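Trainee: pasted the sequence and its predicted model underneath.
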Amino acid sequence: MNTLAAMRDAVFFEGPEAGRRSSRFWLLIVLSSVIAAAGVVADSTATVIGAMIVAPLMTPILGVVLATVLGSRRNLVRCWTLVVLGALTAVAIGYLVGLIVPSPVTALTNSQVSGRVSPHLIDLLAALATGVVGAVALVRKDISDTLPGVAIAISLVPPLSVVGLTMESGAWSEAGGALLLFATNVAAILGSGVVVLTPLRAKWEGIAEADAAAARPYRALISIVVTLAIIAVPLATTSARFSTDALLEARIRQAAEPWAAQAGWQIDGLAVSGGQAEITLTGAPPLPETDDLEQALRDAGVAPSAVALEFVPAYRVELGDEPSP
């Protein structure tokens with residue numbers, strides 16, 4: 001098990017190495033933000049994962065956890081300041097990258113964005129588990145080598161890049177969803193981290209007298225739990241809406257695919273949001289009659305008024321034919 005001194009050295013920005021650690025943090029937050037924004041714009045999962053590994057935000061977040069358990073107000077303020085300013089830096093860099101991109105970066109055209117603007121309760125569960133691993137890795141030497149995996153598992157800088165990119169694109173609701181994902185991950189790490197470290201506090205030696213006298217870990221834990229409960233409300237709402245839309249999409253597809261195939265048309269897209277669906281079909285003219293589709297939708301329990309069709313006529317032209325004399 002790591003000593004308290006080793007844990008402080010791992011996550012606190014104090015002592016003679018404070019300047020070097022701070023400069024390292026700012027260098028990495030800027031570079032990881034650039035990498036994350038570029039990866040989102042390019043819709044590259046590998047690049048975004050690279051940004052997750054480079055991102056240094058996990059260090060001050062775990063610093064908040066340890067400072068909360070110790071009651072070290074100075075380190076608590078310092079680590080919180082780094083988390084907030086680092087997050088603002090990532091958002092600002094995402095916004096600036098968005099300015100040089102010719103087309104808007106939104107969920108409609110980018111899978112990296114669409115995967116981060118509608119967080120669900122399952123994201124909170126994953127973040128809680130990740131926070132436990134991060135806290136345990138801080139305590140145990142034999143698990144510390146899992147921290148790169150923790151960095152990949154938890155999404156911190158990429159959602160902030162999405163916030164900046166979608167803000168620049170004018171997609172404010174998507175920016176709010178990505179910010180909610182970031183807040184969910186941070187709150188979950190704090191909550192699970194405090195739960196893991198608080199029982200170990202009695203075993204630590206070398207706690208400063210000022211820290212020991214000021215420690216109020218249980219009060220901090222209550223505030224974190226309340227925060228998690230508040231965050232869980234929009235997550236539950238999003239999850240319920242997602243489940244409803246997924247069920248509606250399955251019913252519509254079940255009714256529409258046989259009808260489209262019989263008419264000689266193909267479903268190229270089916271988008272469902274908020275109980276409304278839009279189907280994009282391609283095929284050769286003439287346009288098919290929709291009476292049979294409406295009946296099939298009713299049989300599937302779907303109101304036809306909730307479905308809109310977009311027909312894209314497709315024409316086939318053979319090239320290279322000799323012109324007639």
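Mentor: Thanks, I have the structure now. Residues are numbered from 1 along each chain as shown.

Trainee: name the residues of the helix or strand where Gln295 lies that are buried.
Mentor: In this structure, Gln295 sits in helix 291-299 according to DSSP states H and E. Across helix 291-299, burial judged by 16 or more other Cβ atoms under 10 Å covers 293-294, 296-297. Backbone N, C-alpha and C define where each C-beta goes, glycine included.

Trainee: what mean pLDDT does it get?
Mentor: Per-region confidence: helix 291-299 scores 90 on mean pLDDT.

Trainee: against which helices or strands is it packed?
Mentor: Other elements packing on helix 291-299 under the criterion 3 or more Cβ pairs under 8 Å, 6 or more residues apart in numbering; DSSP states H and E are helix 217-263.

Trainee: break the chain down into its domains, please.
Mentor: Structural domains annotated on the chain: 4-215, 245-313, as defined by automatic domain parsing.

Trainee: average model confidence for the strand or helix carrying Asp9?
Mentor: If you go by DSSP H and E, Asp9 is part of helix 4-11. Across helix 4-11, pLDDT averages out at 82.

Trainee: and that helix, which residues are buried?
Mentor: Within helix 4-11, the residues that count as buried by 16+ other Cβ under 10 Å are 4, 7-8, 10-11.

Trainee: out of these, which comes closest to Val48?
Mentor: Val11 (24.6 Å; Cβ to Cβ).

Trainee: now for Leu165: which residues touch it?
Mentor: Shown in contact with Leu165 (Cβ atoms under 8 Å, 6 or more residues apart in numbering): 37, 40-41, 94-95, 97-98, 101, 105, 113.

Trainee: let's see that with 10 Å instead.
Mentor: Applying Cβ atoms under 10 Å, 6 or more residues apart in numbering, we find Leu165 in contact with 36-37, 40-41, 91, 93-99, 101, 104-106, 110, 112-113, 171, 174-175, 178.

Trainee: and it, that's in a strand?
Mentor: No: the assignment for Leu165 (DSSP: H, G, I helix; E, B strand; the rest coil) gives helix, which keeps it out of a strand.

Trainee: pLDDT score assigned to it?
Mentor: pLDDT for Leu165: 95.

Trainee: likewise for Ala202?
Mentor: So, for Ala202, pLDDT stands at 63.

Trainee: export only the CA atoms of the helix holding Gln295, formatted as CSV.
Mentor: Output of helix 291-299 as CSV, limited to C-alpha atoms (Å, rounded to 0.1, in the frame of the first residue of the first chain):
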residue,chain,number,x,y,z
ASP,A,291,-51.8,3.6,-47.6
ASP,A,292,-50.3,0.1,-46.9
LEU,A,293,-47.5,1.7,-44.8
GLU,A,294,-50.0,3.6,-42.7
GLN,A,295,-52.0,0.5,-42.0
ALA,A,296,-48.8,-1.5,-41.1
LEU,A,297,-47.8,1.3,-38.7
ARG,A,298,-51.2,1.2,-37.0
ASP,A,299,-50.9,-2.6,-36.7
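
Trainee: what residues does it touch?
Mentor: Against helix 291-299 from outside (Cβ under 10 Å, 6+ apart): 251-252, 254-260, 262-263, 277, 279, 290, 302-307, 309.

Trainee: what does the average pLDDT come to for the helix or strand harbouring Gly134?
Mentor: Assigned by DSSP H and E, Gly134 belongs to helix 121-139. Mean pLDDT, helix 121-139: 82.

Trainee: in that helix, what's buried?
Mentor: 121, 123-124, 126-128, 130-139.

Trainee: just put the buried residues of helix 4-11 in CSV and tack on distance to Ser23.
Mentor: Below are the buried residues of helix 4-11 laid out as CSV (distance: Cβ to Cβ, whole Å):
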residue, distance to Ser23
Leu4, 25
Met7, 22
Arg8, 19
Ala10, 17
Val11, 17
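
Trainee: ok, the residues you listed vs Leu160, which is closest?
Mentor: Leu160 lies nearest to Val11 out of the buried residues of helix 4-11, by Cβ to Cβ, at 20.2 Å.

Trainee: pretty sure the closest one is touching Thr68, no?
Mentor: No: Val11 is beyond contact range of Thr68, at 11.6 Å (criterion: Cβ atoms under 10 Å).

Trainee: now the common contact residues for the two.
Mentor: Shared contacts of Val11 and Thr68, counting by Cβ under 10 Å, 6+ apart, come down to 75, 79.

Trainee: and the contacts of Leu165, which of them are buried?
Mentor: Using 16+ other Cβ under 10 Å as the burial test, these include 36-37, 40-41, 91, 93-95, 97-98, 101, 104-106, 110, 112-113, 171, 174-175, 178 as buried.
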